[in-house]
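>>> next comes the sequence, and after it the predicted model I'd like to discuss.
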Amino acid sequence: MPKESFIVNRIRSVGFAAKGALLLIKTEPSIKIQVFITVVVTAAGFYFNISNIEWALQTIAIAMVLGTEGMNTAVEKLADFIHPEHDPKIGFIKDVSAGAVMLVSIAASIVGLIIYIPKLL
Ligand SMILES: Nc1ncnc2c1ncn2[C@@H]1O[C@H](COP(=O)(O)OP(=O)(O)OP(=O)(O)O)[C@@H](O)[C@H]1O
């Protein structure tokens, strides 16, 4: 495969991914809340002048929440598309997917508490 077409394909894929991220933020209420929290904690990071390590941990925590929420949304949409009828197996799949978001969100909240509680006391 010529080098140019590889690069063009990669750029096109990045475009599709950016479109997907935008669609996610525009259409999903739960990710809108998570994006709002992202803005708040980013502002808090500047306000409290957190360290490089704290920025890194906060960034990973945010990415984990937004990333798993995106995957959860994709799983829900796929499940609704391939099996619109009520089915316990679909319920299980959706619950496990939502559970993954919850686990990551708990971990991210703990990271936030570890960073900011000492700064607030
Ligand atoms: N087709 C189905 N069959 C069985 N149970 C379902 C089905 N669709 C939804 N459920 C149950 O309802 C719950 C909510 O499903 P839904 O697709 O509305 O997700 P949601 O968490 O409300 O979505 P969002 O994250 O967008 O708010 C699922 O976790 C599952 O327990």
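Nice, I can see it. Just so you know, these numbers come straight off a predicted model, no measurement behind them. Numbers count the residues shown, from 1 in each chain.

>>> residue of the chain nearest the ligand, please.
Of the chain, the residue with the smallest distance to the ligand, taken as C-beta to the nearest ligand atom, is residue 91 at 2.9 Å. Any C-beta I mention is one placed from the backbone N, CA and C, and that applies to glycine too.

>>> helix/strand/coil for that residue?
The three-state assignment at residue 91 reads helix, by DSSP: H, G, I helix; E, B strand; the rest coil.

>>> tell me which residues touch it, please.
Under the criterion of C-beta atoms under 8 Å, 6 or more residues apart in numbering, the contact list for residue 91 is empty.

>>> for residue 79, same thing?
Listed by C-beta under 8 Å, 6+ apart, the contact set of residue 79 reads 90, 93-94.

>>> now for the spatially most central residue of the chain: which residues touch it?
The structure's the chain has its C-alpha centroid closest to residue 66; by C-alpha atoms, centre = their mean the separation is 0.9 Å. If a contact means C-beta under 8 Å, 6+ apart, then residue 66 has 31, 34-35, 38 as its contacts.

>>> pick the one among those closest to residue 53.
residue 38 (18.8 Å; C-beta to C-beta).

>>> give me the nearest residue to the closest one, chain neighbours excluded.
With C-beta to C-beta, 6 or more residues apart in numbering as the measure, residue 62 is the residue that lies nearest to residue 38, at 5.1 Å, once sequence neighbours are left out.
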